[in-house]
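# please work out how this folds:
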Amino acid sequence: LRSERHACEVDAAAVLRRVTPEVLARLAHAPQPSFSCAALDALRQVAPLLDATGWAWGPTGGVGFALASGLPVLRADSDLDLVLRIAAPPDAAQADALRAIAASVTSSITACRLDLQIDTGHGGFAYAEWAAGRGRVLLKTDQGPVLTATPWELA
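You can find the predicted model right below:
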């Protein structure tokens, strides 16, 4: 159950299977007959748009866990957590594509909350924060959080 999740550490030799968000992205195109919700419907709708960007991407959070485990952990109000691996700042056309993707999830018939994280290779930040044009974003790195205007150029 969702309430039974907890952080832990395991020996690497005990890991039987590792499923990345990118692997789960391939499952986004396949129907999931055992359960359905707005977040899964939105994932199926947005998957072709994400594929067209050429960036590596995949679902994380509850949707990622549900796809990886097959367990019915999603609720009707579950959000859609996605990661996009973007190693360089998007050009104008790519930024337009990102805006269209975000808008399609939140304004469609299958509307749900979208939490889109951009992984720069140096760390990750919330797309919504960057798209709001605040000038700086909170980049979550292995060394801790950094407030920066240049998330792709962090040394």
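# could you say what helices and strands the lowest-mean-pLDDT helix or strand in the chain packs with?
When the helices and strands of the chain are scored by mean pLDDT, DSSP states H and E, helix 92-107 comes last with a mean of 87. Counting contacts by 3 or more CB pairs under 8 Å, 6 or more residues apart in numbering; DSSP states H and E, helix 92-107 packs against helix 38-53, strand 114-119, helix 127-131. Heads up, the C-betas are built off the backbone N, CA and C, glycines and all.
# repeat that with 6 Å
helix 38-53, strand 114-119 (3 or more CB pairs under 6 Å, 6 or more residues apart in numbering; DSSP states H and E).
# what kind of secondary structure is the most centrally placed residue in the chain in?
Nearest to the geometric centre of the chain sits Leu82, at 1.1 Å (CA atoms, centre = their mean). Secondary structure, DSSP: H, G, I helix; E, B strand; the rest coil: Leu82 is strand.
# apart from its neighbours in sequence, what residue is nearest it?
Leaving out its chain neighbours, the residue that sits closest to Leu82 by CB to CB, 6 or more residues apart in numbering is Leu116, at 5.1 Å.
# give the contact list for Ile86.
Residues in contact with Ile86 (CB atoms under 6 Å, 6 or more residues apart in numbering) are Trp55, Ile118.
# for it, phi and psi?
Main-chain torsions, Ile86, degrees, to the nearest 10: phi -120, psi 110.
# and it, how far from Gly123?
Ile86 sits 12 Å away from Gly123 when distances are taken as CB to CB, to the nearest Å.
# what's the overlap in contacts for the two?
The overlap between the contact sets of Ile86 and Gly123 (CB under 6 Å, 6+ apart) is empty.
# any stretches of the chain with poor pLDDT?
1-2, 30-35, 108-110, 155 (pLDDT under 70).
# one step back: Gly62 is nearest to which of the helices and strands packed on helix 92-107?
helix 38-53 (7.3 Å; CB to CB).
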